[in-house]
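> Coordinates for the following, if possible.
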Amino acid sequence: MNVLALDLGTSSVRAMVFDDRVRARPEALARRGFDLSIAADDSGTATLDADEYLAALIACIDELAKAGHLDDIGLVAASAQWHSVLPIDAAGRPLSPVITWLDTRPAPPDGATGPLDPEAFHQRTGAWWHRFYWTVKLPWLRGSGLAPARYTGLVEYILTELLGAAPMSVSQASGTGMLDLATMEWDPEALDIAGVSTSHLPELAPLGWQGRLCAEYARRWPQLAGALWSPAIGDGAASNIGSGCVDESRAAVTVGTSAAVRLVQPAPRGAALPPLPHRLWRYRVDDHRVVTGAAYSAGGNLFAWARRELRLPDGPELEQKLAGITPFSGVRADPRLGGDRPPGTAPAGSGELRHLGFGTTAVEMFAGLMEGVCTMVHADLQVIESTVDHPVAVTLGGGAIAASPWWRRAFESTLAPREVAHVDDPEVGCSGAALVALGRADQTPG
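As a prediction, the model looks like this:
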């Protein structure tokens, strides 16, 4: 049996096929790039068009079908971006673009109050009362003049279109900031803060849920008509599993569009969760595990922006110029061009470059920005280690890390003396989703 794995990311949509040992099938990969709509005035707008996104995914699956790669698919798995929200009408149609994790516009209504006990709320949900989460996003959407019948996430909208019905996985629900991570039910206080009832939110997927294509798409892709679809997991969780960072001994530092440092910990349903430091979030991988960490709006997007705006060369030529720079010896940078991820509240446009002189080169400015990301990751890795009371090894991964050996070495230097490995696989999200769907999250792909 083969597995079709979907990666519903922020900057691209990918579909690829694995065999039953989670080894990628040769050439069975389709990808479509996707651009966020980002306001040029630094207002913080960062949205996606849900139907255009669905069309990109359909095109990927069509491409695999045309090439004969969908034969013997028995299971479909998905890794998907966390934190998106889409207001929909009673017929399930979008009332606005998808509000993504990068959108910094949401704000609490005037006079609104958050949790009665913010620390207890953080321990239960792994989140904060913050613009990043649905507790702030839903009231903000209503205040913008919309009257949604319900709210859903991007992945739930996509899967509902393909399957006819698709409940929200506990992994995706945890990314809303409204799930009690221990009971795996919607948190009553979070519902009250958001001003909604469970009828306004997606149904939560029961343990063991699986779906099938609706008739329309079963006719389009008859090879997938009998395949079972597993609940989607958050892209960060999938990246950890696909990188082999499946327990408390090894953290994943992943740099894709954004960046994150994360540690997976065991957490069966109903079990008490370990204490959570204020600076860290915690979400669900599945019914058996949580992932604890910190994330940043600066990652591969910062790399691409800086290389473009500083008019730097590509690939080997850039690496050669960077090789002559002594790490952390010149330009200092605050890389938060896209603002803070929670619990920080810095808005978009908060980036800075310091210690510039007339002799400063574009490559030195670039290096300072990339080193700024390394510094943020290191600080939060130290906090993560405090939750397990021992140093952890690190695996670096993600497309941006694969694209720059110099940046990888900068991370290794910053994180020393820890053991630092590197996984040179840009598709760890897909492989991680496949492993979880197969019930093999503790195994290494291949």
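
> contacting residues around residue 268?
The contact partners of residue 268, by C-beta atoms under 8 Å, 6 or more residues apart in numbering, come to 287-288. In short, each C-beta sits where N, CA and C put it, glycine included.

> Run the chain-centre distance for the helix or strand where residue 25 lies.
Assessed by DSSP states H and E, residue 25 sits inside strand 24-33. Relative to its chain's centre, strand 24-33 lies at 20 Å (C-alpha atoms, centre = their mean, to the nearest Å).

> Remind me what the helix or strand just after it packs against, helices and strands.
Next along the chain after strand 24-33, taking DSSP H and E as the criterion, comes strand 37-38. Contacts defined by 3 or more C-beta pairs under 8 Å, 6 or more residues apart in numbering; DSSP states H and E place strand 37-38 against strand 46-48.

> Mind listing residues that contact the following helix or strand past the strand it packs on?
Of the helices and strands lying after strand 46-48 in sequence (DSSP H and E), the nearest is helix 50-66. Residues from elsewhere that reach helix 50-66 (C-beta under 8 Å, 6+ apart): 4, 6, 8, 13-15, 17, 28, 30-32, 34, 70, 86, 94, 97-98, 154, 157-158, 161, 220-221, 223-224.

> Any quick ChimeraX command for the buried ones out of those?
Those of the contacts of helix 50-66 that count as buried under 16 or more other C-beta atoms under 10 Å are selected in ChimeraX with:
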select :4,6,8,13,14,15,17,28,30,31,32,34,70,86,94,97,98,154,157,158,161,221,223,224
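
> Take the contacts of helix 50-66 and keep only those in helices.
Members of the contacts of helix 50-66 lying in helices (criterion: DSSP state H): 154, 157-158, 161, 220.

> With pLDDT and distance to residue 301 as added columns, please give those residues in TSV.
Compiled in TSV, these are given as follows (pLDDT from 0 to 100; distance: C-beta to C-beta, whole Å):
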residue	pLDDT	distance to residue 301
154	97	18
157	97	23
158	97	22
161	97	27
220	98	33
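
> Tell me which residues touch residue 127, please.
121, 133, 135, 177-178, 281, 342.

> if you set the cut-off to 6 Å instead, what comes out?
Residues near residue 127 by C-beta atoms under 6 Å, 6 or more residues apart in numbering: 133, 177.

> any idea how far it is from residue 217?
As judged by C-beta to C-beta, to the nearest Å, residue 127 and residue 217 stand 34 Å apart.

> tell me the mean pLDDT over the strand holding residue 25?
For strand 24-33, mean pLDDT is 94.

> which residues touch it?
Outside strand 24-33, the residues touching it (C-beta under 6 Å, 6+ apart) are 12-18, 56, 59-60, 63-64, 69.

> export these to a markdown table and tack on distance to residue 354 and pLDDT?
Below are the contacts of strand 24-33 laid out as a markdown table (distance: C-beta to C-beta, whole Å; pLDDT from 0 to 100):
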| residue | distance to residue 354 | pLDDT |
| --- | --- | --- |
| 12 | 33 | 91 |
| 13 | 38 | 96 |
| 14 | 37 | 96 |
| 15 | 43 | 97 |
| 16 | 42 | 97 |
| 17 | 47 | 98 |
| 18 | 46 | 96 |
| 56 | 39 | 97 |
| 59 | 44 | 98 |
| 60 | 42 | 98 |
| 63 | 46 | 98 |
| 64 | 48 | 98 |
| 69 | 50 | 97 |
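
> between those, which is nearest residue 430?
When the contacts of strand 24-33 are ranked by distance to residue 430 (C-beta to C-beta), residue 16 comes first, at 5.2 Å.

> Setting aside sequence neighbours, what's the nearest residue to that closest one?
Residue nearest to residue 16 in three dimensions, not counting chain neighbours: residue 29, with 4.3 Å by C-beta to C-beta, 6 or more residues apart in numbering.

> again with residue 153
residue 84 (5.2 Å).

> Make sure that neighbour is actually in contact with residue 102.
No. Using C-beta atoms under 6 Å, residue 84 is not in contact with residue 102; the gap is 9.9 Å.

> Who has more neighbours out of those two?
More neighbours surround residue 84 than the other of residue 84 and residue 102, with 29 against 25 (other C-beta atoms under 10 Å).

> which residues touch that one?
Neighbour list for residue 84: 98, 100, 153-154 [criterion: C-beta under 6 Å, 6+ apart].

> still on that earlier bit, next one: the residue nearest to residue 153 from residue 110, what distance?
Distance from residue 84 to residue 110, by C-beta to C-beta: 25 Å.

> coming back round to it: can you state the direction angle for the strand holding residue 25 and helix 50-66?
Angular relation of strand 24-33 and helix 50-66 on a 0 to 180 degree scale: 150 degrees, by axes from the mean of the first three to the mean of the last three C-alpha atoms, to 10 degrees.
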